[in-house]
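Okay, sequence plus prediction incoming.
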Amino acid sequence: MKHTLKKQALMIYNPLSGQKKIHKRFPKITTKLKEMGYVLLVQKVTEMKSIEIALKKACQNKWDAIFIAGGDGTINCCLQIIAEEENRPQIGIFPFGTSNEFAQYIGVSSSITQALSVIENSNTTPIDIGKFGSQYFVNIASAGWLSDITYKTSPLLKSYIGEWAYVLYFLKTFFMTKQSTPITVNVSTDKVLSDLSLFLIMNGNAVGPFERLIKSSTNDDGYFHLLACKKTNRIQLFLSLLAKLCHLPNHSSIISHTKIQSGCFSIPDSIALNLDGEKYQVQDFQFKVLPQHLHVFSSRKN
């Protein structure tokens, strides 16, 4: 079916993301979007300045949509520009990455046909995003021990075995490295979490192949989930993680779960921040949720 109404859209495409076989589907995506009535400007991810110019143009000229064909890292890079703009077009995701955690979170299938169907049916939903200092994230922020796994795992290994490459690097790091300098979180005026080796702030309820760390999650309630791990010995931590993953009864205080809208983090300078799998060094460790800041094409119901 041909669509007569023309809509202006930007397509950000990362040809180096994820497993290579999926890139053969990219021509089908652009052809189908054009059939839907979109006039596409395709911008390949080559250097950040050209991406920034294209994204600002799409926002400031109030284009109808921004599509992103790439992984979580590509989405995060685009988010840093889009989130700053007053006008933010609807965002469509084509999951070309390794984990595609954000796509899973908003209910976008790895099937290109189904992802296109969501866009054709104009199914959109508002989502909350997080802000850490001057940087944004849509899915996960973390720091401390084990938090560098996403950007230190071999890209070659990821291209062959996908997100299980993260599991292998996790096990290597878990058993062969020391825990980091302690981190402190001021969750509120009367609640402080101290002596932490690791924290995760999650918009959803999964980290890579580790699904359902949180039993349930919504994408527009104004709260994120904070998982904080106390410094302890490896065996105790491993058993606590296993209990958390399997939702087994566990009375240990090693891992705590709190829903937060904002917080102040004390993180040593030697520790980098991981935002949606990308490494950042930030000066301001204030965190806050920006409710319903983006609208995305999604199979989820409002």
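Yep, it's here.

any idea where the helices of this protein begin and end?
Ranges of helices in the chain, per DSSP state H, are 26-35, 48-60, 72-82, 101-105, 112-120, 149-152, 155-161, 164-176, 234-246.

can you count the residues close to M36?
17 (other Cβ atoms under 10 Å). C-beta here means a position set from N, CA and C on the backbone, and glycine is covered the same way.

That one against V118, yeah?
No. The pair M36 / V118 is not scored as a contact, 11.5 Å apart, by Cβ atoms under 8 Å.

which regions of the protein sit below the pLDDT cut-off?
For the chain, applying pLDDT under 70 flags the ranges 1-4, 19, 151-152, 162-163, 180, 189, 205-220, 244-252, 283-284, 301-302.

Show me it divided up by domain.
7-122, 137-291 (automatic domain parsing).

Out of those, which is the most enclosed?
domain 7-122 (a mean of 19; mean count of other Cβ atoms under 10 Å).

Need the distance between the two termini of that one.
Terminal residues of domain 7-122 lie 13 Å apart, using Cα to Cα, to the nearest Å.

what's the closest of the domains of the chain to S299?
With respect to S299, and counting by Cβ to Cβ, the nearest of the domains of the chain is domain 7-122 at 4.0 Å.

quick check, distance from the closest one to the centre of its chain.
In terms of Cα atoms, centre = their mean, to the nearest Å, the centre of domain 7-122 is set 14 Å apart from its chain centre.

same thing with stretch 156-163?
Worked out by Cα atoms, centre = their mean, stretch 156-163 lies 18 Å from the chain centre.

Alpha carbons of that stretch, as CSV, please.
The C-alpha coordinates for stretch 156-163 follow below in CSV (Å, rounded to 0.1, in the frame of the first residue of the first chain):
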residue,chain,number,x,y,z
LEU,A,156,35.0,-9.3,17.5
LEU,A,157,33.6,-11.7,20.2
LYS,A,158,30.3,-9.8,20.3
SER,A,159,30.0,-10.2,16.5
TYR,A,160,30.3,-14.0,16.8
ILE,A,161,28.4,-14.9,19.9
GLY,A,162,26.3,-11.8,20.6
GLU,A,163,25.5,-10.7,24.2
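
any chance of the helices of the chain in TSV, plus distance to T258?
Listed next are these as TSV, based on distance: least, Cβ to Cβ, whole Å:
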stretch	distance to T258
helix 26-35	40
helix 48-60	34
helix 72-82	24
helix 101-105	20
helix 112-120	33
helix 149-152	23
helix 155-161	31
helix 164-176	23
helix 234-246	14
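
can you redo the domains of the chain as a markdown table with distance to D128?
Listed next are the domains of the chain as a markdown table, based on distance: least, Cβ to Cβ, whole Å:
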| stretch | distance to D128 |
| --- | --- |
| domain 7-122 | 11 |
| domain 137-291 | 5 |
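
I129 is nearest to which of these?
Of all the domains of the chain, the one in closest proximity to I129, counting by Cβ to Cβ, is domain 137-291 (5.1 Å).

before we move on, back to that, the helices of the chain: which one's closest to S188?
Once the helices of the chain are compared by Cβ to Cβ, helix 234-246 is nearest, at 23.0 Å.

Out of the helices of the chain, the one nearest S256 is which?
Using Cβ to Cβ, these put helix 234-246 closest to S256, at 10.3 Å.

what sits against the residue nearest to E52 when sequence neighbours are not counted?
Closest residue to E52 apart from its sequence neighbours, by Cβ to Cβ, 6 or more residues apart in numbering: I81 at 5.3 Å. Going by Cβ atoms under 8 Å, 6 or more residues apart in numbering, I81 touches 51-52, 55-56, 59.
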